[in-house]
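Undergrad: what would the 3D arrangement of this be:
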Amino acid sequence: MNKKSWKTRPSSKMFMKLFRYISGVNEETEEIEMTVPVLTRMTLQEDNMINKQMCFYLNKKHQENPPTPVDKDVKIEQNEEMTVFVHTFGGYAMRDNVWIKEAQIFAEKLSQKADSIDFSKFYTAGYDSPMKFWNRRNEVMFLVNPNEV
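TA: Numbers count the residues shown, from 1 in each chain. Below is the predicted model of the structure:
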């Protein structure tokens, strides 16, 4: 993968906006320690389109009073507690088609529990830097319907 193609991907652009925020590009010019996992919600849409929302978790120090973003695309939100089924896999998951393939494999395994799972979207969790070559950890998650918990 060449550097130019990596930089133009929507997921890379989302990552870099969030990374700039934690690197001090915020109203307080305060740096925030990087946390893992990087969570992404993916919703498959018509015409082979994907709606994605990426999330960095803030460390404990910044949870009460996070620095104010300067980029209008960076939002501070509090995720609600959720119960999920999780599938863990290794290797590089830098492209949407890898995440989608793993989600499809996992959805098939969960098909017997279809009534209790929200298959309309899935979450991905990446734990490793692109510079980590071995023993990589990636996760795909499906939400358990709230009335099933």
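Undergrad: would you say Lys13 is within a helix?
TA: Yes - with DSSP: H, G, I helix; E, B strand; the rest coil as the criterion, Lys13 is part of a helix.
Undergrad: leaving out the residues flanking it, which one is nearest to it?
TA: Lys7 (7.9 Å; CB to CB, 6 or more residues apart in numbering). C-beta: built from backbone N, CA, C; applies to glycine.
Undergrad: assign the one you found to helix, strand or coil.
TA: Criterion first, three-state DSSP; result for Lys7: helix.
Undergrad: least confident secondary structure element in this structure?
TA: Least confident helix or strand, the chain: helix 3-8 with a mean of 66, by mean pLDDT, DSSP states H and E.
Undergrad: need the strands for this structure, in chain order.
TA: For the chain, the strands defined by DSSP state E occupy 38-44, 50-55, 84-89, 117-126, 138-144.
Undergrad: give me whichever of the ones you listed is most buried.
TA: Greatest average neighbour count among the strands of the chain goes to strand 138-144 (a mean of 21), per mean count of other CB atoms under 10 Å.
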